[in-house]
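Chemist: just coords:
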């Protein structure tokens, strides 16, 4: 008896084919959420690329060959907007064939939560960044509105069970401020008694008084 021969190419051959024929770039796009005490905002740039010139764009960049996805996201935050030590979570990938006018670019999206009061954009290049209310944005460059909506949907699901929303507030805050934040994220009015009951039951807070 002879063992069956494997007709499929091995992984090394497949990788060589990818290197020779695949012309696909990978990028990271960051949905940076900030809260100003009243509204949930996102940090955006004004695109300078046709055909999206003057439309709002998320902050992102290509992934370098020597970094993984998380490292790329953190580098973009550090180099482009001067943010460090923030809550970061990967959302999903976007790979439409026509999503970028210059060629095939697959992007991996992240959302980040920062205290807007303590972290302001400091070194965005080449254009200045601006905080915009997420509910005022109706159209964006590329597929960035779809990316923003996906990040907001993920955030809404997560804050119901995990206290990640605290990253949008100062270290000390009132229950009223916390409720205002949740109402801004969920885009709905919450019953005060039920909200406080649920938050207290989670046992995530410490009374500072």
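Modeler: Structure's in. What do you need? The structure presented is a predicted model; accordingly, all values stated were derived computationally and were not measured. Numbering: from 1, shown residues only.
Chemist: phi, psi for the nearest residue to residue 179 once chain neighbours are set aside please.
Modeler: Distances taken as C-beta to C-beta, 6 or more residues apart in numbering place residue 195 nearest to residue 179, at 5.2 Å, with adjacent residues excluded. (C-beta placed from N, C-alpha, C; glycine too.) Backbone geometry at residue 195, expressed as degrees, to the nearest 10, gives phi -60, psi -50.
Chemist: where does residue 195 land on pLDDT?
Modeler: We have a pLDDT of 88 for residue 195.
Chemist: contacting residues for it?
Modeler: 175, 179, 182 (C-beta atoms under 8 Å, 6 or more residues apart in numbering).
Chemist: present these as TSV; the columns should include distance to residue 86, secondary structure and neighbour count.
Modeler: Below are those laid out as TSV (distance: C-beta to C-beta, whole Å; DSSP: H, G, I helix; E, B strand; the rest coil; neighbours: other C-beta atoms under 10 Å):
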residue	distance to residue 86	secondary structure	neighbour count
175	24	helix	13
179	23	helix	17
182	20	helix	17
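Chemist: buried ones in stretch 89-107?
Modeler: Buried residues in stretch 89-107, defined by neighbour count with 16 or more other C-beta atoms under 10 Å: 89, 91, 94, 99, 100, 105, 107.
Chemist: what about the strands in this protein?
Modeler: 25-35, 40-46, 56-57, 59-62, 87-94, 105-115, 130-133 (DSSP state E).
Chemist: and the fourth one, how far out from the chain middle?
Modeler: If you compare the mean C-alpha spot of strand 59-62 with that of the full chain, they lie 11 Å apart, counting by C-alpha atoms, centre = their mean, to the nearest Å.
Chemist: which other helices and strands does it contact?
Modeler: strand 25-35, strand 40-46, helix 69-76 (3 or more C-beta pairs under 8 Å, 6 or more residues apart in numbering; DSSP states H and E).
Chemist: tell me which of the ones you listed lies nearest to residue 200.
Modeler: strand 25-35 (21.5 Å; C-beta to C-beta).
Chemist: what is the closest one packed up against?
Modeler: Against strand 25-35 (3+ C-beta pairs under 8 Å, 6+ apart) you get strand 40-46, strand 59-62, helix 69-76, strand 105-115, helix 144-159.
Chemist: give me the residues contacting the third one.
Modeler: I take that to be helix 69-76. Residues contacting helix 69-76 (C-beta under 8 Å, 6+ apart): 28, 30, 59-61, 63-64, 67, 84, 88, 90, 108, 110, 112.
Chemist: what is the lowest-pLDDT residue among the residues you listed?
Modeler: Among those, pLDDT bottoms out at residue 84, giving 80.
Chemist: residue nearest the centroid of the protein?
Modeler: Nearest residue to the geometric centre of the chain (C-alpha atoms, centre = their mean): residue 111, 2.1 Å.
Chemist: tell me how far it lies from residue 149.
Modeler: 11 Å (C-beta to C-beta, to the nearest Å).
Chemist: likewise residue 83?
Modeler: 22 Å.
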